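# fold the following and give me the result.
(2 chains)
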Amino acid sequence: NAGVMQNPRHLVRRRGQEARLRCSPMKGHSHVYWYRQLPEEGLKFMVYLQKENIIDESGMPKERFSAEFPKEGPSILRIQQVVRGDSAAYFCASSTGTGAYEQYFGPGTRLTVT
Amino acid sequence: AQSVTQLDSQVPVFEEAPVELRCNYSSSVSVYLFWYVQYPNQGLQLLLKYLSGSTLVKGINGFEAEFNKSQTSFHLRKPSVHISDTAEYFCAVSERGTDKLIFGTGTRLQVFP
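Numbering: from 1, shown residues only, chains lettered A, B, ... in the order given. So this is what the prediction gives:
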């Protein structure tokens, strides 16, 4: 029973490029959450998605960031025109649904912007 | 707005000694409480959670935590730590009716032989 999968595990981008981070939830999970962990900080909520729906994006920066969870395939977190301040670890978590009370985390994608 | 405070950024302790990692939260509504552990270069693993009922919650790896509503605390304890417990520990809350987790800044537990 595979857990939450994220790829790539490490991603290096130059300033101005685009970064695409992928997350495949656990089997049977239809809800996905994205969190960002800046160096020496805790995780910050970014966005919560169901299949084809954004439920809560209150933690997403207003510009350059977008997320989707299509009917088929993984959830994608997209960062356009990356800047050095986007360097962080991005974690995806999944759950069976609202009120499930337990989120299962992936290993994270470490984004480095040079 | 909710917030979580982990006062100790680092806790050094010798093997087989007891440990307590402190967590305080603030919220105007009822919350659920969680402790996660993060080993180097890995994702977070749930140690334990408090949803309702008994205020003493037992988790994996011999950890337990006690919910104290009057002090808005949810401290994590283990009576005897192992070298393998060396990791980062995060306390988190979620407001009842929502699913997003609000995390503290973490406590790095370093166990020495």
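
# got the contact list for residue 87?
I'll assume chain A. A:P39, A:L111, A:T112, A:V113 (Cβ atoms under 8 Å, 6 or more residues apart in numbering or on different chains). C-beta: built from backbone N, CA, C; applies to glycine.

# switch to chain B, please.
Taking Cβ under 8 Å, 6+ apart, one finds B:V37, B:Q38, B:Y39, B:P40, B:R108, B:L109 in contact with B:A87.

# quick one: which of those sit in helices?
Judged by DSSP state H, the subset of the contacts of B:A87 located in helices is empty.

# in the residues you listed, find the pair that's most separated.
Across the contacts of B:A87, no pair lies farther apart than B:P40 and B:L109, at 12.4 Å, counting by Cβ to Cβ.

# residue ranges in chain A under the pLDDT threshold?
Where chain A drops to pLDDT under 70, the residues are A:1, A:98-101.

# out of the contacts of A:S87, which is most surrounded?
A:L111 (21 neighbours; other Cβ atoms under 10 Å in any protein chain shown).

# who's in contact with it?
Counted by Cβ under 8 Å, 6+ apart, A:L111 has contacts A:L11, A:V12, A:R13, A:A19, A:L21, A:I79, A:V82, A:D86, A:S87, A:A88, A:A89, A:Y90.

# what is the neighbour count of the first one?
When you say that, I think you mean A:L11. 18.

# how about it, nearest residue that isn't a chain neighbour?
With sequence-adjacent residues excluded and distances taken as Cβ to Cβ, 6 or more residues apart in numbering or on different chains, A:L11 is closest to A:L111, at 5.0 Å.

# what separation is there between the nearest residue to A:G85 once chain neighbours are set aside and A:L21?
Counting by Cβ to Cβ, 6+ apart, A:V113 is the residue found nearest to A:G85 once chain neighbours are left out, at 7.9 Å. According to Cβ to Cβ, to the nearest Å, A:V113 stands 13 Å off from A:L21.

# centre of the chain to stretch A:12-22, how far?
13 Å (Cα atoms, centre = their mean, to the nearest Å).

# repeat for stretch B:19-28
8 Å.

# go on, stretch B:27-44?
7 Å.

# which positions in it come out as buried?
Within stretch B:27-44, the residues scored as buried using 16 or more other Cβ atoms under 10 Å in any protein chain shown are B:S27, B:V31, B:Y32, B:L33, B:F34, B:W35, B:Y36, B:V37, B:Q38, B:G43, B:L44.

# and that stretch, how far apart are its ends?
Counting by Cα to Cα, to the nearest Å, you get 23 Å between the two ends of stretch B:27-44.

# cheers, nothing more for now.
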